[in-house]
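In: how would this look folded up:
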Amino acid sequence: MRTVLILLVVCLEIHGELDFTRGIRNRYRFMNDNKKIKAQFEYENACRKRILDSAPGAERSAAFSAAYNGLVAGITNGQFAESDADDVTKASQKFSLVYRFLNSESRVAEFGPGDGDLAVLVANRVTSVALVDVLESWPYKLPKKCRYSHGDGVHLPGDVGPLDLVIGSHVLEHLHPETVPDHLLSVRNALSPHGRYIIFTPNRFAGPHDISAGLSDEASGLHLKEYEVRDMYKLLKDAGFRRSVWYAGGRGMYLRIPFCLIACTELLLSVLPRHVSRRLVNFFPIRALLGIIVVGKV
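Out: Numbers count the residues shown, from 1 in each chain. Just a heads-up that it's a prediction; the model follows:
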């Protein structure tokens, strides 16, 4: 009972942060009237098809890199809409969970680091931070303890590791579903004994969370697959992670919760009619459970 009460308090506190569906849909509700957003949607949808249809290996890696280099270029030259998210604030909020697993001797890598705001915060507390991405070069200035390492979008480069902590903030949903097991295995093999992989990824039942929000019931942009916790549990287990610990939270507040609580919530949503489940997702205690935040332990 005490755990339920604490969860309800946290849910009330993070109400605005975890309103996944409403916030994203408001962002894109005038998509057809916004030429930049519409152009970005069409670009992402075309890239999605190329990536999903690509052959494994070099062809898929090239399609993946081309998609994101083109997206960054489009935003930079004003062809596409720039995100209105406060990335610095969001990084600071996620750091309130990440810092629990850090010490001054930690060796850390962040996969898909965005603007690098979270990595910069982490660098103040650890020995080193590697930023791993598909961009040909890192466009921002990095502090002394940070370095950029170009990757294929799936595997950690060979010169990164051994590591005590890897962070994947909104990465898995961008990967080809066939490559996710390889990605998790690559991270698992790069971690030192007792190392951890912290994953933030959107839940399918509260989505879509990409640019297709408001246009379709399923992600059709560069979120190639949005997951359920049951998917994530199996993927981590198959990759050799000994244990997975689950959290609900946001706005700098994170509460450890039982896996079965999230899984049962998903099961309930899966058997309900779509229009009913969509309404329930906007009920904040349920919505609070549907941002997948998991720490995989070696």
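In: Name the residues of stretch 253-269 that are buried.
Out: Within stretch 253-269, the residues that count as buried by 16 or more other Cβ atoms under 10 Å are 253, 254, 255, 257, 262, 263, 265, 266, 269. All C-beta atoms are positioned from the backbone trio N, CA, C, and that covers glycine.
In: Tabulate the residues you listed (TSV), appending distance to residue 174 and pLDDT.
Out: Converted to TSV, those look like this (distance: Cβ to Cβ, whole Å; pLDDT from 0 to 100):
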residue	distance to residue 174	pLDDT
253	26	86
254	23	91
255	27	92
257	25	95
262	22	94
263	24	94
265	24	93
266	21	93
269	23	92
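In: quick check, nearest of the residues you listed to residue 161?
Out: residue 254 (26.3 Å; Cβ to Cβ).
In: State the three-state secondary structure for that closest one.
Out: Using DSSP: H, G, I helix; E, B strand; the rest coil, the structure places residue 254 in strand.
In: need the strands for the stretch 101-250 of the chain, in chain order.
Out: According to DSSP state E, counting those that start in this stretch, the stretch 101-250 of the chain carries its strands in the segments 107-111, 128-133, 146-150, 163-169, 191-202, 243-250.
In: what about those, which gets the closest to residue 67?
Out: The nearest among the strands of the stretch 101-250 of the chain, by Cβ to Cβ, is strand 128-133 at 12.7 Å.
In: In terms of secondary structure, what does that closest one contact?
Out: Counting contacts by 3 or more Cβ pairs under 8 Å, 6 or more residues apart in numbering; DSSP states H and E, strand 128-133 is packed against strand 107-111, helix 117-123, strand 146-150.
In: Please identify the pairing partners of that strand and their relative orientation?
Out: strand 107-111 (parallel), strand 146-150 (parallel) (DSSP bridges).
In: Can you tell me what sits against that strand?
Out: 68, 107-113, 116, 119, 122-123, 138, 142, 145-151, 153, 156-157, 160, 163 (Cβ atoms under 8 Å, 6 or more residues apart in numbering).
In: Could you list every helix and strand in contact with the helix or strand hosting residue 266?
Out: Assigned by DSSP states H and E, residue 266 belongs to helix 259-271. Counting by 3+ Cβ pairs under 8 Å, 6+ apart, the packing neighbours recorded for helix 259-271 are helix 229-238, strand 243-250, helix 274-281, helix 284-289.
In: let's go with 7 Å and repeat that
Out: helix 229-238, helix 284-289 (3 or more Cβ pairs under 7 Å, 6 or more residues apart in numbering; DSSP states H and E).
In: want to throw those into a markdown table with mean pLDDT?
Out: As requested, the helices and strands packed on helix 259-271 are exported to a markdown table (pLDDT from 0 to 100):
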| stretch | mean pLDDT |
| --- | --- |
| helix 229-238 | 97 |
| helix 284-289 | 80 |
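In: Comparing these, which comes out most buried?
Out: Of all the helices and strands packed on helix 259-271, helix 284-289 has the most neighbours on average by mean count of other Cβ atoms under 10 Å, namely a mean of 21.
In: for that one, packing partners?
Out: helix 2-13, helix 259-271.
In: tell me, which of the ones you listed is the model least confident about?
Out: Among the helices and strands packed on helix 284-289, helix 2-13 has the lowest mean pLDDT, at a mean of 46.
In: if I look at the one residue sitting closest to the centre of the chain, how far off is residue 60?
Out: The residue lying closest to the centre of the chain (Cα atoms, centre = their mean) is residue 170, at 1.3 Å. Distance, residue 170 to residue 60, by Cβ to Cβ, to the nearest Å: 20 Å.
In: re the thing from before, mind checking the strands of the stretch 101-250 of the chain for the one nearest to residue 35?
Out: Of those, nearest to residue 35 by Cβ to Cβ is strand 191-202, at 26.4 Å.
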